[in-house]
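Enquirer: Fold the following for me, if possible:
(one chain, ligands or ions: 1)
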Amino acid sequence: MNAALQQMTDPATPLLTVEHLTMRFGGLVAIDDVSFAAAHRGITGVIGPNGAGKTTLFNCITGFYKPTVGRLTLAAADRPTMLLEQMEGFRIGQQARVARTFQNIRLFTGMSVLENLMVAQHNKLMRASGYTFLGLFGLPSFNRAEKAARDLAVHWLDRVGLTHLADEPAGSLPYGAQRRLEIARAMCTEPVLLCLDEPAAGLNPRESAELNTLLRSIRDEFGIGILLIEHDMSVVMGICDHIVVLDYGRKIADGTPAEIRADPAVIRAYLGEEEKE
Ligand SMILES: Nc1ncnc2c1ncn2[C@@H]1O[C@H](COP(=O)(O)OP(=O)(O)OP(=O)(O)O)[C@@H](O)[C@H]1O
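Expert: Below you'll find the predicted structure:
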């Protein structure tokens, strides 16, 4: 991690603080007064049975939904604290630098693997062009930015083991490779918070183990926070530093993997309660 950034990161201040978050759809309360914190340089897992509200939580954090109630504070090291619930969705990506992947992979399937990583850096390149047509061709700042963007894309292709497929259409990649490409694309936006919605879905055990290694290395090298929705418990228990459990929109537990494993409310939510005679 960049030394200046490391110095500015106060581990005592959470990267993301969720306070009293509530999201209603008409009469349905999908998220009900949920509060928790996600650390800098930490992997926070969000788990819970189907329909518990995990994706809705992500949609609130990443600006797809405006929360009905609640505060979402992002305290990244190198910028003023931001209140995500007050920001427009596209600014949460651009300014707050919160990146996400989706439960259903959303790549540009007709573009090459490398192009997917270049497109992710479009905003940075447009800034360097001065938002002018001529700037795209003439400005030295644009040429430098374009080279940096390509270098970053090449770096991430290598990190996720896709260099040999750089020119292939993204849609032709095997499923596990598409999942890795999505993570690489999110990392090309240089996020401070990376939100991953079921990154291990559809992966075989070997690919899941590789995913664990990749995510740990991202946390350790870049010092960013990772928020992870996942049903695969080998991934959740294997890499999360901290786990938040939702059930019917409410937080029922919050702790280390060992604490969560032993929590009676979590066991009840997953296994159900025995019928009383
Ligand atoms: N846009 C919406 N309009 C109405 N109801 C919604 C909307 N989005 C989600 N819901 C409802 O909110 C509840 C929580 O859904 P959500 O998708 O967040 O759960 P989840 O924990 O991510 O589930 P899964 O593990 O199955 O993906 C569900 O009852 C769902 O039907």
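Enquirer: Now do the helix or strand encompassing residue 18: distance to the chain's middle.
Expert: Here residue 18 sits within strand 16-25, counting by DSSP states H and E. Offset of strand 16-25 from its chain centre (C-alpha atoms, centre = their mean, to the nearest Å): 17 Å.
Enquirer: got the angle for the helix or strand just after it vs strand 16-25?
Expert: On the C-terminal side of strand 16-25, the closest following helix or strand by DSSP H and E is strand 28-38. Calculated by axes from the mean of the first three to the mean of the last three C-alpha atoms, to 10 degrees, strand 28-38 forms an angle of 180 degrees with strand 16-25.
Enquirer: Just after strand 28-38, pick out the following helix or strand.
Expert: Toward the C-terminus from strand 28-38 - assigned by DSSP H and E - lies strand 43-47.
Enquirer: if we can go back for a sec, just checking: what are the partner strands of the strand holding residue 18?
Expert: strand 28-38 (antiparallel), strand 69-74 (antiparallel) (DSSP bridges).
Enquirer: Which positions within that strand qualify as buried?
Expert: 16-18, 21-23 (16 or more other C-beta atoms under 10 Å). Heads up, the C-betas are built off the backbone N, CA and C, glycines and all.
Enquirer: Nearest residue to residue 73 in space, please, no chain neighbours.
Expert: Of all residues beyond its chain neighbours, the one nearest residue 73 is residue 17 (4.4 Å), with distances taken as C-beta to C-beta, 6 or more residues apart in numbering.
Enquirer: That neighbour contacts residue 70, doesn't it?
Expert: No. Residue 17 lies out of contact with residue 70 (C-beta atoms under 8 Å); the separation is 10.5 Å.
Enquirer: Quick one: name whatever helix or strand follows the helix or strand where residue 93 lies.
Expert: Per DSSP H and E: residue 93 is located in helix 89-94. Using DSSP H and E, the helix or strand that follows helix 89-94 in sequence is strand 98-100.
Enquirer: And the ligand, is that next one touching that?
Expert: No. Legend: contact between strand 98-100 and the ligand by C-beta under 6 Å from any ligand atom is lacking; minimum distance shown is 13.2 Å.
Enquirer: Partner strands of that strand, with direction?
Expert: Assessed with DSSP bridges, strand 98-100 is paired to strand 193-197 (parallel).
Enquirer: Tell me the first helix or strand C-terminal of the strand it pairs with.
Expert: helix 205-222.
Enquirer: Can you name the next helix or strand after that next one?
Expert: strand 225-229.
Enquirer: I would like the residues contacting whichever helix or strand comes after that next one, please.
Expert: Sequence-wise, the next helix or strand beyond strand 225-229 is helix 233-239, with elements assigned using DSSP H and E. For helix 233-239, the surrounding residues in contact (C-beta atoms under 8 Å, 6 or more residues apart in numbering) are 43, 45, 47, 199-200, 205, 208-209, 211-212, 215-216, 228, 230, 243, 257, 261.
Enquirer: List only buried entries from these.
Expert: Applying 16+ other C-beta under 10 Å to the contacts of helix 233-239 flags 43, 45, 47, 199-200, 208, 211-212, 215, 228, 230, 243, 257 as buried.
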